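Asks: next comes the sequence, and after it the predicted model I'd like to discuss.
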Amino acid sequence: MGSLRISTLLKGNAVANYSMLKEIERFREFMPQIRKIKVLWRLPPNRQISEWEVEVEGITIHWKQEDTFDDEHRTFTFRIIEGDYRAEGSWKIDEVTTSRSKISIKARFDWGIPILGQQVGQALERKAKRNFMRMVAAFRKAQRDGVSISG
């Protein structure tokens, strides 16, 4: 099982950036590697099931995940429940100053290929990390370009 941790600073306050993070269906507007995101079911009070299709280095990956939002702690947790691999993790937005916040991502992956061993797992982990870094870079670009995805 692989894992990753990424943290970086974003412009904007934590509340605004968390609102942006919660609008997952709009990620496609500024993240070209995402082919499809659809919220299938909203489950009160703060859960949903979403379906994803993402291109990672020329390979299209599909999955469904359970998303849970903790507005008080500005945390979005996810758990893949069906798809090409298994993963779980969280995105968290912390306030640094009134105009800066920190986004942190933690994730664990199970690629479902134990027989191929550590080398393939490490390569897939590097690809997953690059994809998460692209998502963070896309958030930054959206901010720079003045794109508002919250509302």
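Replies: Okay, I see it.

Asks: for the rest of this, base every contact and every neighbour count on C-alpha atoms.
Replies: Noted.

Asks: pull the residues that contact the strand or helix carrying residue 41.
Replies: Using DSSP states H and E, residue 41 falls within strand 34-43. Strand 34-43 is contacted by residues 24-25, 27-28, 48-55 when judged by Cα atoms under 8 Å, 6 or more residues apart in numbering.

Asks: switch to 6 Å and redo it
Replies: 25, 28, 48-54 (Cα atoms under 6 Å, 6 or more residues apart in numbering).

Asks: how far off centre is that strand?
Replies: 13 Å (Cα atoms, centre = their mean, to the nearest Å).

Asks: ok, it: who's next to it in the sheet?
Replies: strand 47-56 (antiparallel) (DSSP bridges).

Asks: what residues sit buried inside the strand it pairs with?
Replies: 47-54 (16 or more other Cα atoms under 10 Å).

Asks: with pLDDT added, can I get the residues you listed in a markdown table?
Replies: Below are those laid out as a markdown table (pLDDT from 0 to 100):
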| residue | pLDDT |
| --- | --- |
| 47 | 96 |
| 48 | 96 |
| 49 | 97 |
| 50 | 97 |
| 51 | 97 |
| 52 | 94 |
| 53 | 92 |
| 54 | 84 |
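
Asks: which one of these is nearest residue 4?
Replies: Set against residue 4, the nearest of the buried residues of strand 47-56 by Cα to Cα is residue 54 (18.2 Å).

Asks: residues near the nearest residue to that closest one once chain neighbours are set aside, how many?
Replies: Setting aside the residues directly before and after it, residue 54 is nearest to residue 34 in space (Cα to Cα, 6 or more residues apart in numbering), at 4.4 Å. Other residues near residue 34 come to 19 when the count uses other Cα atoms under 10 Å.

Asks: next: the one 10 residues further on.
Replies: Other residues within reach of residue 44, judged by other Cα under 10 Å, total 7.

Asks: tell me the phi and psi of it?
Replies: phi -60, psi 150 (degrees, to the nearest 10).
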